[in-house]
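> sequence and predicted model, in that order:
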Amino acid sequence: MNEPLEKRAPTVMFVDDEPWVLTAFQRIFEDTGYRCIYCSSPSEALEQAKSVKVWVVVSDNQMPGMSGIDFLCNMRKISPDTVRIMMTAYANLGVAISAINRSEAFRFITKPWDNDELLSLVEEGVARHDILTSMRSRDESRYRSLAQTVALKDPYTRGHCDRVADYAERLARAAGVEEPLITCIRHGSILHDCGKIGVPEEVLNFPGKLTLEEFEIIKQHPDWGTQVAREAHMPEAVVNVILYHHERIDGSGYPAGLAGEAIPLEARIAAIADVFDALTSDRPYRKANTFGEATAVLNGLAGLLDTRLLEIFNKKVIPELTDQYPTAGMSSPSPDHLYP
Ligand SMILES: [Fe+2]
């Protein structure tokens, strides 16, 4: 009965030949709620990985019998979904970087380590494993529960992914898009912000204007989500929505700064749905706009969003939505949401 236990707690494995290191890890991780496995040799760890589903493994590099890189390489064969973190002495940084380049490792941390850095790295690894396995399942209900997990970090986006998926699908149909692209647009829209799982909560929930530095962190979420989507071999159109939903027609968006039709159609559709939902939802720094107010703001964004799609959205989708969704908030229109 492995499954219920695995569902209760993420399993994290630590591999190091020095007993004091494992004892230190034990102390650091004892209250985290993870199910931790401590192994003093790579061969013991590989044996355990055959029978236990490991979410994240943290391995030393210099160990007798097998190097950390060879161990991670073997781990990858036995358990491809396990997120691999390499721990290495500062002098061996080149080894760690080549491990990352060869994709044997997701991240590395240097010895002596910083406890908080190690904790947050493992937390990031657990989140990555969660996203990867949800995406690999090809199960829409798992995509939706993943999106809800992201929304837990940012209460202002509760229900956001479901609504964006609904608006984007309606717009795609109204614009004459056909299957299987419609399904990709729906799936991409559910998952578009999954990379926010890697953004610290205090940045996501900051109730004022973000600093440039904080904004740079938020701007990484499309890349972060895309890396995992590619590893999960999601269809290209789904990846395009995740990667390009913040691109803008005039080239002012991120992460690639694409302009016009260089932005894939599926991402241009999702961008309109995303902006419309942001306008009609409460934000930490303002109340929601009504549908009427949001429409007025959208019309003023013709240079940033696809003009032809905006017209279709106004004419065909908004009348449908007005019947479907009650609106909240009566504040003045504000385009502040556009960049975060
Ligand atoms: Fe986003």
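It's in. Residues are numbered from 1 along each chain as shown.
> in three-state terms, label E179 for me.
coil (DSSP: H, G, I helix; E, B strand; the rest coil).
> tell me, what residue is most central in this structure?
G195 (1.8 Å; Cα atoms, centre = their mean).
> so that one touches I217, yeah?
No: if you go by Cβ atoms under 8 Å, G195 and I217 don't touch, sitting 11.1 Å apart. The C-beta positions use only the backbone N, C-alpha and C, and glycine is treated the same way.
> list the contacts for the residue nearest to the centre of the chain?
Each residue near G195 by Cβ atoms under 8 Å, 6 or more residues apart in numbering is listed here: 220-226, 228, 242.
> so how do I select the buried members of those in PyMOL?
A single PyMOL command suffices to select whichever of those are buried according to 16 or more other Cβ atoms under 10 Å:
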select buried, resi 221+222+224+225+226+228+242
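> of the contacts of G195, which is the nearest to V275?
P222 (14.8 Å; Cβ to Cβ).
> okay, and the common contacts of G195 and I217?
Joint contacts of G195 and I217 (Cβ under 8 Å, 6+ apart) do not exist.
> quick one: mean pLDDT over the lengthiest helix in the chain.
The helix spanning the most residues in the chain, taking DSSP state H as the definition, is helix 115-136. Taken as a whole, helix 115-136 has a mean pLDDT of 92.
> and the helix or strand just after it, which residues are buried?
Downstream of helix 115-136, the first helix or strand assigned by DSSP states H and E is helix 140-153. Using 16+ other Cβ under 10 Å as the test for burial, helix 140-153 gives 142-144, 146-147, 150-151, 153.
> same check, this time on stretch 315-323
Applying a neighbour-count criterion of 16+ other Cβ under 10 Å, one finds 317-318, 321 buried in stretch 315-323.
> among those, name the ones in helices.
Per DSSP H, helices hold the following members of these: 318, 321.
> from the buried residues of stretch 315-323, which is closest to D114?
Proximity of the buried residues of stretch 315-323 to D114 (Cβ to Cβ) peaks at L321, which lies at 48.3 Å.
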